[in-house]
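**Q** test case, fold it:
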Amino acid sequence: MTQAEIEGELHTLRLELKTIIDRDQSRETEWRRLSLIARVLSVLYSVTAGGLICTSVFLVADSASSVFRNQLIMLGIVFMFLSTPLMLLGQAIYTRKTRGGSTLAG
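**A** The predicted structure follows:
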């Protein structure tokens, strides 16, 4: 092999490695974005649940039926149950990507 062939092959390998690293970084960015979306939805669901429960507590008993108040509380509990797995999922994705890192970088 001549020097020019070796340099050409090294250049090709560098380009392939750069492409792989760019693709890996892009994939990691997408995982971070998914993690952020899951955590933001979790917070939003928790705030909504708290708002529904507080609304049902502060409603005057004369102005609202007890069935409506119970439905608000149950809906708040459903939102709270929806927020817990999203919170855990978002944190698990975030932790995995920050601890695991890139497969090429080691």
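
**Q** can you tell me which helix or strand of the protein has the lowest average pLDDT?
**A** The helix or strand of the chain with the lowest confidence, counting by mean pLDDT, DSSP states H and E, is helix 66-100 at a mean of 85.

**Q** neighbours of the residue nearest to residue 38 when sequence neighbours are not counted, how many?
**A** In space, and not counting its chain neighbours, residue 38 is closest to residue 90: 3.3 Å by C-beta to C-beta, 6 or more residues apart in numbering. Yep, even glycine has a C-beta here, placed from its N, CA and C like the rest. Using other C-beta atoms under 10 Å, residue 90 has 20 other residues around it.

**Q** and residue 90, how far from residue 42?
**A** Between residue 90 and residue 42 the computed distance is 6 Å (C-beta to C-beta, to the nearest Å).

**Q** next: residue 71.
**A** Distance, residue 71 to residue 42, by C-beta to C-beta: 23 Å.

**Q** the more surrounded of the two?
**A** residue 42 (20 against 13).
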